[in-house]
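Student: quick check, what structure comes out for this input:
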Amino acid sequence: MNVKAKRTTEALLRDSGIPLITTYSGLLYGPRDAKKEIRKANLPILKGKMPFYFDGGGNINEVESFFEGAWLALQKGASGSRYVLG
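Tutor: Now for the predicted structure:
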């Protein structure tokens, strides 16, 4: 999402009184992704067999773990909070 759209959306929600909790994910992987050709190259990374680094950082999330974290953020987080899950 571009910065202007993000800030506009946040302001509209804040001004309306609607609670807003933001979660950020990295690259998400799920059970069916291993069959996709583009994902096969990343399997050694996920299995810890090929060390690598992103310039500036990054993370890879298993989709069920990400949604568990997002659910906890919705249940326990305060409006206006932001969570980087990874």
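
Student: report the central residue of this structure.
Tutor: Ser25 (1.1 Å; Cα atoms, centre = their mean).

Student: all helices of the protein, in order?
Tutor: Here the chain has its helices, by DSSP state H, at 3-16, 37-40, 43-46, 63-76.

Student: quick check, Leu13 in contact with Ile21.
Tutor: No. Using Cβ atoms under 8 Å, Leu13 makes no contact with Ile21, being 10.3 Å away. C-betas here are computed from N, CA, C, even on glycine.

Student: so, low pLDDT: which residues of the chain?
Tutor: Residues of the chain meeting the criterion pLDDT under 70: 1, 34-42, 46, 50-58.

Student: before we move on, the earlier item: could the helices of the chain go into CSV alongside mean neighbour count?
Tutor: Shown next, in CSV, are the helices of the chain (neighbours: other Cβ atoms under 10 Å):
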stretch, mean neighbour count
helix 3-16, 11
helix 37-40, 10
helix 43-46, 13
helix 63-76, 14
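
Student: now those helices in JSON lines, please, with extra columns for distance to Gly86.
Tutor: Converted to JSON lines, the helices of the chain look like this (distance: least, Cβ to Cβ, whole Å):
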{"stretch": "helix 3-16", "distance to Gly86": "19"}
{"stretch": "helix 37-40", "distance to Gly86": "17"}
{"stretch": "helix 43-46", "distance to Gly86": "13"}
{"stretch": "helix 63-76", "distance to Gly86": "8"}
